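Undergrad: give the three-dimensional model of this entry:
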Amino acid sequence: MKQTSFSQSEFERKKRRTRREVFLAEIEQIIPWEELLAVVEPH
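TA: Residues are numbered from 1 along each chain as shown. Sure thing, here's the model as predicted:
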């Protein structure tokens, strides 16, 4: 296992979020997943 340097760990924390990541985070908050799964699961 490689040890990460301080600069690498700092860079990883400040990584810019992509539009895809932002979109998926928004969808995760909006969609009522439990209710959707309850409807779909029997099929």
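Undergrad: when you work out contacts or count neighbours from here on, use the C-alpha atoms and nothing else.
TA: Noted.
Undergrad: tell me how far Glu34 lies from Val22.
TA: For Glu34, the distance to Val22 equals 21 Å [Cα to Cα, to the nearest Å].
Undergrad: whoops, I mixed them up, Lys2
TA: Using Cα to Cα, we find Lys2 at a distance of 30 Å from Val22.
Undergrad: the two: which is more packed in?
TA: Under the neighbour definition other Cα atoms under 10 Å, Lys2 and Val22 were set side by side, and Val22 has more, 11 against 4.
Undergrad: quick check: which element contains that one?
TA: helix 19-30 (DSSP states H and E).
Undergrad: pLDDT on the helix or strand that contains Val39, on average?
TA: Secondary-structure element containing Val39, defined by DSSP H and E: helix 33-40. Helix 33-40 shows a mean pLDDT of 92 in the predicted model.
Undergrad: quick one: that helix to chain centroid distance?
TA: On the basis of Cα atoms, centre = their mean, to the nearest Å, helix 33-40 is displaced by 20 Å from the centre of the chain it belongs to.
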